[in-house]
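1. please work out how this folds:
(chains A and B)
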Protein chains: 2
Amino acid sequence: MEEDYFHSYNNLEVHQLMLEDSARNQAYRKAILDNKNDIKGKVVLDVGCGTGILSVYFAQAGASKVYAVEASEIYKVAKDIIKENNFEDIIEVIHSKVEDLNLHNKVDIIVSEWMGFYLLHEGMLNSVLIARDKFLKPGGLIFPENATLYSAPCRVPSYFESWNNVDGISMNSFCEKLKTEVSKKPLTSKVNEDYILTEPEIVLWFDMREVTIEELQSITVDHLAIANKEGKYQGICLWFSCTFPSYSTEPVTLSTGPGDADTHWKQTTIVLPMEIDVEVGTPIAYQLHLNATEANCRRYSLQVTMKDPNEVEHPEYCSCYLTKCILVRALLEKYENESLAS
Amino acid sequence: MEEDYFHSYNNLEVHQLMLEDSARNQAYRKAILDNKNDIKGKVVLDVGCGTGILSVYFAQAGASKVYAVEASEIYKVAKDIIKENNFEDIIEVIHSKVEDLNLHNKVDIIVSEWMGFYLLHEGMLNSVLIARDKFLKPGGLIFPENATLYSAPCRVPSYFESWNNVDGISMNSFCEKLKTEVSKKPLTSKVNEDYILTEPEIVLWFDMREVTIEELQSITVDHLAIANKEGKYQGICLWFSCTFPSYSTEPVTLSTGPGDADTHWKQTTIVLPMEIDVEVGTPIAYQLHLNATEANCRRYSLQVTMKDPNEVEHPEYCSCYLTKCILVRALLEKYENESLAS
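-> Numbering: from 1, shown residues only, chains lettered A, B, ... in the order given. Predicted coordinates:
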C-alpha cells in the first residue's frame, strides 16, 4: 500500500493538477514571502516536496538551507526545477521517506502540503508529525500551523432531482440505485454555495505544533445544525481551512469551502440514502465518525449517522423551531427584559 | 478483456455521465421522435441498450417491438426503467452479448450508441455491424446512419504555456517531462474553439449500412491543412459527428466538435513533443494512423506523424504560402482572367 501511495506521485498529471491550483500555491507563497523577516537565515525541512515549489518559495524568502525530502520518483523533477530557479546552493533534495531520514541538526521550520480530501484523506499528516517530533527545534514554526475541518448539511440535487424527466424519460429507478451506490463513499466535487443549508460546524481543529497521531486515529463528533434556508437536506458537505504562522502580518488562511476560490480539493460530500425537507429553523442532528482504517493507514473511513433532533441535547439558547427551544428562548428573553427593567 | 469491458458498464456512474449528456440524448430523441411515420409498427433492435433510454424513445415513437440487448448487469436497471415508463409490453430486455443472440425474425431498425472517444475507441461498433449482418432486413434503417471523424491542428496551451512562471516559479523542466508523458496517449478534454488553427479535415466517413469491420482495422490518412490564424501548433484535435436517418424531415446530426454543445465525449487531443509557430497560410502536413490493437480489440492505437509540408503533394489549387503554390495560384488566376476576357 505504501508502495502504491508513493507510486501514485510518480504520475506527473497528479502534480500538474496541484501546480495548476493557484489558490493553493498563492496561499503558501504569500504566507512564506510575507514572513521573510522570520525566515531569513533559517533552516527549513520540506516534507514530501513533490516538484519542490514550496522549497523554492523558502529559498526566495531567504532561508539559508532547505532540505527537500521526497520519497517518490518526482524528486528528480524537483532537482531540475531547483536548478532552473538557481537555488541549488540553498536547497538539497533528498530521495527518502521522511521516516528514514537522518539530519545532523534540527531545523527551524517545517513546511508541508499534506492536506488530502476532507483534510485527513491520504494521511500524509502522520509523516509531518513524525518529522516534527524528530527534527523541529523547540519553538520552531510549521507551515501551515493549524487546520480546521468543517461540515454542513447540504442539497445534492444531481443525485435527487430531475431524474423523473431525463430528456423525456422517467429514470427514478436509476436514481435510486445510483444513490445507493454513491452513498457508500464520499464524493469529491464542487458544491454550490447556495446548496449549504446551515452555518458550518467545526468537526475538528488542531494545532500542528501539538497534535499527536493518536488524537487523529478516531474522531466522533455530534452536530446539531439549524437550517438557515428552506431546501432539501440530501447530504453532508465537508471542507477544510489551514492557517499559516505569522508574527508580523495578518496570518494567511487557505480555505477550501464552497464560497472560496476553487482548489483541486473541491469539497467532499456524503450523499444520504434519502432526502428530508427543511425550513428555516429546522434542527438537523448528525454524527460524523472519521476513522483511520487499518488496512491502509493513508485512508480514513468517513461515516455519517443521522440522528433524531428531538432526542439529542440542544444548547441552552437554541435558535431551532422545536417547541421546547422556542419556550426556553421566550423564557430567557423574559428574564433578560425583567433584569434590565429592575 | 471482454469481461473487463462489460464489467465497466456495471458502474452506475458511467451511465450517469451518459444520461447527463443532454446533447447526446436529445439528438437520438429528436431523430427518433421526428420520424414516427417510419417507425410506427416497426421492430427495433437496440444493441447495448444500457439503461434502455433509446429503446424507450422507440417505444414512444410507436415501434411495435423493441429488443433491448445488454451484456452487462445494467440490464436489470433497464428492466426497471422500462417498467417505470410503462413499455413492458413493447420492449423486451435480453441479457446477452449481441454476438450470442438468437432472434426468430429479422428487424426493421437497429439503434445503438456505440461511439467512443475519437469515435472508434471502445470498439463497440463491431458488435453493431455483426448485429446488422445477422438481424437487419434488407433496406432496414440504422440509427445513426453514418459517422465522420474530423481532425485539425490546434493549440494546447496547458501543456506549453505559462510554465515559465507558475505562481512565481519557473517550471519549464516540469513542463518538458509532462509533455513527454502526455504525448504518449490521447487526451480527453474540452478544446476551446479558438485553439483550432485550420479548417477541419475528414479522417474517415462511413455509412453504417455498408461499412465492414475489416475496413476499420487500420486507417492511414495524410492531411495537408492550411493555418487560418496565427498561433502555435502544439497538437492535433479529433472529434466526430453522426447523422441519423430521415426521409421526412431534416436529418439530425450529433456533432461533438469544439464549437458544438458539450458532450461527455469532449474532444480528443494528441499533444506534440514540440510546438511550431504558424501564421495564416502556413501549410501543416501530418499523417494519422488508427489501428485496432490486437491485445484488446476494443481499443485503437492512434498515431500522428508530422511531415514536412515541402515534401508532400499539395492540391492543384492550394491556398498555402509556399512559393510554388503562390505561383501556381497566380498562373491559374491569369488563365482564368484570359479565358473570361476572350
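
2. make sure A:Asp108 is actually in contact with A:Lys40.
-> No: the criterion here is CB atoms under 8 Å, and A:Asp108 misses it with A:Lys40 at 10.6 Å. In this view, the C-beta of every residue, glycine as well, is placed from N, C-alpha and C.

3. out of the two, which sits in the busier spot?
-> Neighbours were counted for A:Asp108 and for A:Lys40 using other CB atoms under 10 Å in any protein chain shown; A:Asp108 has more, 20 against 11.

4. for whichever residue of the stretch 201-342 of chain A sits closest to chain B, give me its contacts.
-> Going by CB to the nearest CB, chain B is nearest to A:Val271 of the stretch 201-342 of chain A, at 12.0 Å. Each residue near A:Val271 by CB atoms under 8 Å, 6 or more residues apart in numbering or on different chains is listed here: A:156, A:159, A:179, A:182-183, A:187, A:234-235.

5. just the residues you listed that are near chain B?
-> A:Val182 (CB under 8 Å from any CB of the partner chain).

6. between the contacts of A:Val271, which sits nearest A:Asp100?
-> A:Leu187 (35.4 Å; CB to CB).

7. count the residues that sit near the closest one.
-> Using other CB under 10 Å: A:Leu187 sits among 20 other residues.

8. on the three-state scheme, the residue lying closest to it once chain neighbours are set aside is what?
-> In this structure, A:Leu187 finds its nearest non-sequential neighbour in A:Thr269, 4.6 Å apart by CB to CB, 6 or more residues apart in numbering or on different chains. State at A:Thr269, reduced to three classes by DSSP: H, G, I helix; E, B strand; the rest coil: strand.

9. verify the stated contact: A:Ile82 with A:Gly50.
-> No: counting by CB under 8 Å, A:Ile82 stays clear of A:Gly50, with 12.0 Å between them.

10. neighbour count for the two, which is higher?
-> A direct count of neighbours by other CB under 10 Å for A:Ile82 and A:Gly50 places A:Ile82 higher, at 26 against 23.

11. and that one, that's in a strand?
-> No: counting by three-state DSSP, A:Ile82 is not found in a strand; it is helix.

12. all helices for the stretch 1-150 of chain A, in order.
-> Under the criterion DSSP state H, counting those that start in this stretch, the stretch 1-150 of chain A contains helices at A:2-8, A:12-19, A:22-33, A:36-39, A:53-60, A:75-84, A:125-135.

13. so what's the predicted local confidence for A:Met274?
-> As predicted, A:Met274 sits at a pLDDT of 88.

14. C-terminal to the helix or strand containing it, what's the next element?
-> Element membership of A:Met274 [criterion: DSSP states H and E] is strand A:267-278. Using DSSP H and E, the helix or strand that follows strand A:267-278 in sequence is strand A:283-292.

15. give me the sheet partners of the helix or strand following that next one and which way each runs.
-> Toward the C-terminus, strand A:283-292 is succeeded by strand A:300-307 as the next helix or strand (DSSP H and E). Here strand A:300-307 is paired, per DSSP bridges, with strand A:283-292 (antiparallel).

16. quick one: buried residues of the partner strand?
-> A:283-286, A:288, A:290, A:292 (16 or more other CB atoms under 10 Å in any protein chain shown).

17. make CSV out of the helices of the stretch 1-150 of chain A and add distance to chain B and mean pLDDT.
-> Putting those into CSV (distance: least, CB to the nearest CB, whole Å; pLDDT from 0 to 100) gives the following:
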stretch, distance to chain B, mean pLDDT
helix A:2-8, 14, 62
helix A:12-19, 5, 92
helix A:22-33, 4, 98
helix A:36-39, 14, 94
helix A:53-60, 5, 98
helix A:75-84, 4, 97
helix A:125-135, 22, 96
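
18. tell me which of those sits most buried.
-> helix A:53-60 (a mean of 26; mean count of other CB atoms under 10 Å in any protein chain shown).

19. tell me the angle it makes with helix A:12-19.
-> Orientation check (axes from the mean of the first three to the mean of the last three CA atoms, to 10 degrees): helix A:53-60 against helix A:12-19 gives 50 degrees.

20. show me what helix A:53-60 is packed up against.
-> Contacts defined by 3 or more CB pairs under 8 Å, 6 or more residues apart in numbering or on different chains; DSSP states H and E place helix A:53-60 against helix A:22-33, strand A:43-47, strand A:65-70, helix A:75-84, strand A:91-95, strand A:107-111.

21. now with 7 Å, please.
-> helix A:22-33, strand A:43-47, strand A:65-70, helix A:75-84 (3 or more CB pairs under 7 Å, 6 or more residues apart in numbering or on different chains; DSSP states H and E).

22. which other residues reach that helix?
-> A:19, A:25, A:28-29, A:32-33, A:39, A:44, A:46, A:49, A:66, A:68, A:81-82, A:85, A:87, A:90-91, A:111, A:113, B:169 (CB atoms under 7 Å, 6 or more residues apart in numbering or on different chains).

23. output the below-cut-off pLDDT ranges for chain A.
-> Residues of chain A meeting the criterion pLDDT under 70: A:1-10, A:294-298, A:342.

24. quick one, longest helix in it?
-> helix A:323-341 (DSSP state H).

25. report the angle between that helix and strand A:283-292.
-> 110 degrees.

26. check which residues of helix A:323-341 are buried.
-> A:325, A:328.

27. with adjacent residues omitted, what lies nearest to A:Lys106?
-> A:Lys137 (4.5 Å).

28. which residues touch that neighbour?
-> A:106-108.

29. separation between it and B:Ile169?
-> 27 Å (CB to CB, to the nearest Å).

30. for chain A, what lies in contact range of chain B?
-> A:12, A:16, A:19, A:22, A:25-26, A:29, A:51, A:53, A:56, A:77, A:80-81, A:84-85, A:166-174, A:177-178, A:181 (CB under 7 Å from any CB of the partner chain).

31. go again using 8 Å as the cut-off
-> So chain A meets chain B at A:12-13, A:15-16, A:19-20, A:22, A:25-26, A:29, A:51, A:53, A:56-57, A:60, A:77, A:80-81, A:83-85, A:158, A:166-174, A:177-178, A:181-182 (CB under 8 Å from any CB).

32. so how far is A:Leu332 from A:Ile326?
-> Taken as CB to CB, the span from A:Ile326 to A:Leu332 is 11 Å.

33. do the same with A:Ala152
-> For A:Ala152, the distance to A:Leu332 - CB to CB - is 26 Å.

34. which one is A:Cys237 nearest to, not counting chain neighbours?
-> A:Cys154 (4.2 Å).

35. burial of A:Val278, as a residue count?
-> Neighbours around A:Val278, by other CB under 10 Å: 22.

36. in this structure A:Tyr321 contacts A:Val278, no?
-> No: with contact defined as CB under 8 Å, A:Tyr321 does not reach A:Val278; the gap is 10.1 Å.

37. okay, and the common contacts of the two?
-> In contact with both A:Tyr321 and A:Val278: no residue, using CB under 8 Å, 6+ apart.

38. thinking again about what came up before, specify the beta-bridge partners of the residue nearest to A:Leu187.
-> A:Leu187, A:Cys237.

39. and if you look at A:Val111?
-> Going by DSSP bridges, A:Val111 forms beta bridges with A:Asp46, A:Phe143.

40. is it true that it touches A:Val47?
-> Yes: with contact defined as CB under 8 Å, A:Val111 counts as touching A:Val47 (7.4 Å).

41. spit out the residues that contact those two alike.
-> With CB under 8 Å, 6+ apart, A:Val111 and A:Val47 have no common neighbours.
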